[in-house]
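# model this:
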Amino acid sequence: MRFAVVGAGVIGTTHARLIASLGERGRLVAVVDTDLTRAVRLTAKFGGDPLTSLRQACVRDDVDAVAVCLPSGAHADAAVTALHAGKHVLVEKPIDVSLAAADRVIAAEQETGRTVGVISQRRFQRASAFLHEAVVSGRLGRITSGIAESTFWRPQEYYDSGGWRGTLALDGGGALMNQGIHVADLLLWVLGEPVEVQAYVDRLAHDRIDVEDTVAATVRFASGAIGSLSATTAAYPGLPVRLSVHGDRGSAVIEREELTYFHTVDGERPGDQPDGNHAVDLGGAAGGQSIDDAHRDQYLDFIDAVEQGRKPLVGTLDGRRALELVLGVYESASTGRPVRLGRAR
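Coordinates of the predicted model:
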């Protein structure tokens, strides 16, 4: 598949590098950026032609799909333009910064019949996939709770380095919208449909930004399960993402990209068990998997989805659901009241 990357910043560079690593499955044919120098620099390294407008890429017959790597608040505009030009779209998280924008992407997807994927590469890590299967198959029993933690550190220079970072208009939010949304998506993937959220947010360690650097929220799910979600960019020096899921027949913990704990009432435990417990094959989940490898696997899933005419593992409805949760957190924190979710579908 032949890709154009839109946005030659840090995230665009990551996408260009991943596409270049796909071999026969993918090829970078264009990089779009309003700063031609940045586009030239990226194409010199990974191939393709430097362009200064998305429309230049959209009229080319050798562009099959567009990877949208712009500031978050510009995602929907670019995705809709590409879709109506007949291109498939892989858009960085979040899908955009408002539900109205997300719905524009979904409408364009339905109108054009093109494929749209939303980046959430942590679903493609072996540990996450193993945990999801364990929940779906009932090995953990009735799921009662889950805890998702995104405990990062970003210095002030991080926010000062780009005019759009830390702005509501283009960033849409802070620690949760831009860092914690990954682990929020995992929490939704394993616990299901969220119905209510209550939250607190604040800016505690950074200046000159419109958005939060610390979030704590409680989420009620349709199943009755209760989730805890925290995200921060104000925890020096930063800790690994952590997800724990608990049921009435077992519990599991993912940390440092690995499944570090798995124990069920049937005696399933990782590795050789001299105490009589049943050793469970983790399918590589205990060994971890890099974010880069998972990101690449999401690209391969997207290409397979286009070629097979199926939905990608992470589609627009998944992106919308994660965004709705994030916006619900912000609304609850602003009003001081619980917020019902799923109100505008």
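
# And the strands in the stretch 201-345 of the chain?
214-221, 226-232, 242-247, 250-255, 258-264, 268-270, 278-280, 339-340 (DSSP state E, counting those that start in this stretch).

# Rebuild those as CSV, extending it with mean pLDDT and mean neighbour count.
For the C-beta atoms, the positions are set from N, CA and C on the backbone; glycine is no exception. CSV is the format used below for these (pLDDT from 0 to 100; neighbours: other Cβ atoms under 10 Å):
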stretch, mean pLDDT, mean neighbour count
strand 214-221, 98, 21
strand 226-232, 98, 23
strand 242-247, 98, 20
strand 250-255, 96, 21
strand 258-264, 94, 19
strand 268-270, 67, 18
strand 278-280, 51, 15
strand 339-340, 98, 17
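
# Distance to Ala67 for the ones you listed - can I get that in a markdown table?
Shown next, in a markdown table, are those (distance: least, Cβ to Cβ, whole Å):
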| stretch | distance to Ala67 |
| --- | --- |
| strand 214-221 | 28 |
| strand 226-232 | 25 |
| strand 242-247 | 27 |
| strand 250-255 | 27 |
| strand 258-264 | 28 |
| strand 268-270 | 36 |
| strand 278-280 | 37 |
| strand 339-340 | 32 |
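
# can you tell which of the ones you listed is closest to Arg296?
Checking the strands of the stretch 201-345 of the chain against Arg296 by Cβ to Cβ gives strand 258-264 as the closest, at 18.5 Å.

# Residue ranges in the stretch 51-200 of the chain under the pLDDT threshold?
Along the stretch 51-200 of the chain, the model assigns pLDDT under 70 to no residue.

# All the helices of it, residue numbers only.
54-58, 75-84, 99-112, 126-136, 156-160, 181-191 (DSSP state H, counting those that start in this stretch).

# Show me the longest helix that occurs in this protein.
helix 316-335 (DSSP state H).

# picking up where we left off before, which of the helices of the stretch 51-200 of the chain is buried the deepest?
Mean neighbours per residue, mean count of other Cβ atoms under 10 Å, is largest over the helices of the stretch 51-200 of the chain for helix 181-191, with a mean of 25.

# separation between the residue most central in space within the chain and Val195?
Nearest to the geometric centre of the chain sits Ser120, at 2.8 Å (Cα atoms, centre = their mean). Applying Cβ to Cβ, to the nearest Å, the value for Ser120 to Val195 is 21 Å.

# Out of the strands of the stretch 201-345 of the chain, which gets nearest to Arg126?
Proximity to Arg126 (Cβ to Cβ) singles out strand 258-264 among the strands of the stretch 201-345 of the chain, at 7.9 Å.

# name the helices or strands packed onto the closest one?
helix 126-136, strand 250-255, strand 268-270 (3 or more Cβ pairs under 8 Å, 6 or more residues apart in numbering; DSSP states H and E).

# Provide the strand pairings for it, with the direction of each partner.
Strand 258-264 has the following sheet partners, assigned by DSSP bridges: strand 250-255 (antiparallel).

# pull the CA atoms of the strand it pairs with into PDB?
Only the C-alpha atoms of strand 250-255 are listed here, as PDB (Å, rounded to 0.1, in the frame of the first residue of the first chain):
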ATOM      1  CA  GLY A 250      -8.900 -14.100  38.500                       C
ATOM      2  CA  SER A 251      -6.800 -11.000  38.100                       C
ATOM      3  CA  ALA A 252      -4.200  -9.700  35.700                       C
ATOM      4  CA  VAL A 253      -1.600  -6.900  35.600                       C
ATOM      5  CA  ILE A 254       0.200  -5.300  32.700                       C
ATOM      6  CA  GLU A 255       3.300  -3.200  33.500                       C
END
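
# Hey, what's the angle from it to helix 126-136? Just curious.
Between strand 250-255 and helix 126-136, the angle comes out at 160 degrees (axes from the mean of the first three to the mean of the last three Cα atoms, to 10 degrees).

# care to break the chain down by domain?
2-118, 122-289+322-340 (automatic domain parsing).

# ok, now how distant is Glu157 from Val253?
Using Cβ to Cβ, Glu157 is found at 33 Å from Val253.
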